[in-house]
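[1] sequence unknown, structure follows:
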């Protein structure tokens, strides 16, 4: 009775339980590597991976940004699918050469997507060694990045290799089975991140207070008229040329700005921002240097923007600026005059200028170099400025657009047309000459004259 339950012995029950437990253990998946199931399912990368090498390398600033951007899982998946190539900026480019305001923008929690886009812009989903750079004769080779943007690899005749605007300074610095890391001179910034930075910064600095127009000024005497109600957002009353050269009696009253009572526009900061954008964009260092060195010019531009005016800067790239001769820059005030001819006192974008030339053919834009104007027309699906050999095409559109300052990159330096004086020649007066008479006719007329009969003949008169 004690050795059985309902007629079944304890030995048979124990045998059945042992059989089912053994079958369940045999059915479990084997894990001979000794890793836990959680670590195997998490897709951990090999210790010899290029990502591990990046985190342990001397590119500490870039590795820190990758961790803050929460990109490790995304990069692990990319490494699992294919080899990758990482262009790593040196630490100095991220510590001291990066604009502090731009770095704060990247590290704000609301701008996580911009930081991720910036970092993935430095990664190509394929292996590209230093020996795979294009030959200088073949030109530029384009590669897609993890952020669905494109990087351009070029080789200079001098032997230098570049990635967009950054120079390759440590080729094949880290090599692993699943990728390679190249050291580059500076940070690469995609246009989408620059636009996001500009929009966020200017919305914060401008849209906090509604702008107001300047007091009404008599342009003949430069004296204030009786104040009149100005609609919100109205442009300054004075033309920009009067703001550049005020009369001797009274300077134009400033529109709301840093010097005014409302502090609406900070023109100096905006000019500084667009100069920094030129440096980050690459290829416009000469233009930025001129604006930095000519402090009076940058201050004048900042003052105009602070007073409520808008400007469009046609910025020649470095290749165009390198073609300037010493004679063109040696005269006193020549750099300022060149830059003034490239500043349009209107806010124009690529779209607005192209639509204008498509509609009207040729458009003459005023410049700050009075009385010269710059001519724009359509050519090859783009906008062409100037005439003949001195013309320039719209090369890099909308480098900087914040609603008050617009910067358009062009591939040439513009000069106004030479003024040729036309001398009016006096109209030629036709003198009717009498027909020459022959000798025989003269003798005949003389004989008739002696007889008093020459008046009857017309030929003798």
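    Alright, I've got the coordinates. Note that the structure is predicted; figures quoted are calculated from it, not measured. Numbering: from 1, shown residues only.
[2] Which of the residues in stretch 142-156 are classified as buried?
    145-147, 149, 151, 153-155 (16 or more other C-beta atoms under 10 Å). Where you see a C-beta, it was placed from the backbone N, CA and C, and this is true even at glycine.
[3] Need the distance between the two termini of stretch 321-328.
    From its first residue to its last, stretch 321-328 covers 11 Å (C-alpha to C-alpha, to the nearest Å).
[4] Contacts for that stretch next, please.
    286-287, 290, 334, 338, 413 (C-beta atoms under 8 Å, 6 or more residues apart in numbering).
[5] check contacts around residue 100.
    For residue 100, no contacting residues are found, by C-beta under 8 Å, 6+ apart.
[6] out of the buried residues of stretch 142-156, who's nearest residue 188?
    Nearest to residue 188, judged by C-beta to C-beta, of these is residue 151 at 7.2 Å.
[7] Hmm, that closest one is touching residue 189, no?
    No - contact criterion C-beta atoms under 8 Å: residue 151 and residue 189 do not qualify, at 11.9 Å.
[8] shared neighbours of those two, anything?
    Any residue near both residue 151 and residue 189 by C-beta under 8 Å, 6+ apart counts here, and that gives residue 121.
[9] Out of the contacts of stretch 321-328, grab the one that's most surrounded.
    For these, counting by other C-beta atoms under 10 Å, the largest number of neighbours falls to residue 287: 25 neighbours.
[10] ok, so what distance separates it from residue 322?
    Distance, residue 287 to residue 322, by C-beta to C-beta, to the nearest Å: 11 Å.
[11] After the worst-scoring helix or strand of the chain on mean pLDDT, heading C-terminal, what element do we hit next?
    In the chain, the helix or strand scored least confidently by mean pLDDT, DSSP states H and E is helix 37-41, which has a mean of 33. Sequence order places helix 50-55 as the next helix or strand after helix 37-41, per DSSP states H and E.
[12] Okay, now the unreliable bits of the stretch 351-461 of the chain?
    Counting by pLDDT under 70, the low-confidence segments of the stretch 351-461 of the chain come to 418-441, 443, 448, 451-461.
[13] Just the strands from it, written as ranges.
    Secondary structure of the stretch 351-461 of the chain (DSSP state E, counting those that start in this stretch): strands located at 362-366, 373-379, 382-385, 392-401, 405-410.
[14] so which of the ones you listed comes closest to residue 128?
    Nearest to residue 128, of all these, is strand 392-401, at 25.0 Å by C-beta to C-beta.
[15] Give the other helices and strands that the closest one contacts.
    Judged by 3 or more C-beta pairs under 8 Å, 6 or more residues apart in numbering; DSSP states H and E, the packing partners of strand 392-401 are helix 191-206, helix 267-281, strand 311-316, helix 350-360, strand 382-385, strand 405-410.
[16] Give me the sheet partners of that strand and which way each runs.
    Sheet pairing of strand 392-401 (DSSP bridges) gives strand 382-385 (antiparallel), strand 405-410 (antiparallel).
[17] Now flag whichever of the contacts of stretch 321-328 is closest to residue 107.
    residue 287 (29.3 Å).
[18] Identify the residue nearest the closest one in space, chain neighbours excluded?
    Of all residues not flanking residue 287 in the chain, residue 315 sits nearest, at 4.8 Å (C-beta to C-beta, 6 or more residues apart in numbering).
[19] Then residue 189?
    Leaving aside its sequence neighbours, residue 189 sits nearest to residue 280 (C-beta to C-beta, 6+ apart; 5.2 Å).
[20] Looking at the contacts of stretch 321-328, spot the one nearest residue 70.
    If you rank the contacts of stretch 321-328 by distance to residue 70 using C-beta to C-beta, residue 287 comes first, at 37.3 Å.
[21] distance of that closest one from residue 188?
    Look at residue 287 and residue 188: by C-beta to C-beta, they are 20 Å apart.
[22] And for residue 336?
    Applying C-beta to C-beta, the value for residue 336 to residue 188 is 33 Å.
[23] of the two, who's got more company?
    Neighbour tally, residue 336 and residue 188, criterion other C-beta under 10 Å: the higher count belongs to residue 188, 22 against 16.
[24] distance of that one from residue 62?
    11 Å.
[25] Also residue 87?
    10 Å.
[26] joint contacts of these two?
    Common contacts of residue 87 and residue 62, defined by C-beta under 8 Å, 6+ apart, comprise residue 122.
[27] Help me confirm that residue 93 comes into contact with residue 185.
    Yes - the criterion here is C-beta under 8 Å, and residue 93 meets it with residue 185 at 6.8 Å.
[28] List the contacts of residue 279.
    For residue 279, the contact set (C-beta under 8 Å, 6+ apart) comprises 285, 288.
[29] The chain should start at 36 in everything you say after this.
    Okay, using 36 as the starting number, the last item reads as residue 314.
[30] quick one: it from residue 110, how far?
    With C-beta to C-beta as the criterion, residue 314 and residue 110 are 29 Å apart.
[31] quick one: contacts of stretch 405-418?
    Counting contacts by C-beta under 8 Å, 6+ apart, the residues outside stretch 405-418 that touch it are 276, 349, 376-377, 379, 385, 388-389, 391-393, 396-402, 419-422, 428-429, 449, 451-452.
[32] One more pass at 6 Å, please.
    Contacting residues not belonging to stretch 405-418 are listed as 388-389, 392-393, 397-402, 419-420, 428-429, 449, 451 [C-beta atoms under 6 Å, 6 or more residues apart in numbering].
[33] Model confidence for residue 337, exactly?
    At residue 337, the pLDDT value in this model is 86.
[34] out of the strands of the stretch 386-496 of the chain, nearest to residue 162?
    Closest to residue 162 of the strands of the stretch 386-496 of the chain, according to C-beta to C-beta: strand 427-436, at 30.3 Å.
[35] Where do the helices of the stretch 36-185 of the chain begin and end?
    In the stretch 36-185 of the chain, the helices defined using DSSP state H, counting those that start in this stretch lie at 45-62, 72-76, 85-90, 95-103, 107-116, 126-130, 135-142, 147-155.
[36] which of these has the lowest average pLDDT?
    Across the helices of the stretch 36-185 of the chain, the stretch with the lowest average pLDDT is helix 72-76; it has a mean of 33.
[37] Count the residues that sit near the nearest residue to residue 411 once chain neighbours are set aside.
    Nearest residue to residue 411, sequence neighbours excluded (C-beta to C-beta, 6+ apart): residue 398, at 4.8 Å. Each residue near residue 398 was counted by other C-beta under 10 Å, and the total is 19.
[38] could you list every residue that touches residue 398?
    Applying C-beta under 6 Å, 6+ apart, the residues contacting residue 398 are 391-392, 411.
[39] Contacts only, for residue 205.
    Applying C-beta under 6 Å, 6+ apart, the residues near residue 205 are residue 218.
[40] before we move on, back to that, make a markdown table from the buried residues of stretch 177-191 and add pLDDT and distance to residue 406 to it.
    Converted to a markdown table, the buried residues of stretch 177-191 look like this (pLDDT from 0 to 100; distance: C-beta to C-beta, whole Å):
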| residue | pLDDT | distance to residue 406 |
| --- | --- | --- |
| 180 | 93 | 48 |
| 181 | 92 | 52 |
| 182 | 91 | 47 |
| 184 | 91 | 44 |
| 186 | 92 | 45 |
| 188 | 93 | 46 |
| 189 | 91 | 42 |
| 190 | 91 | 46 |
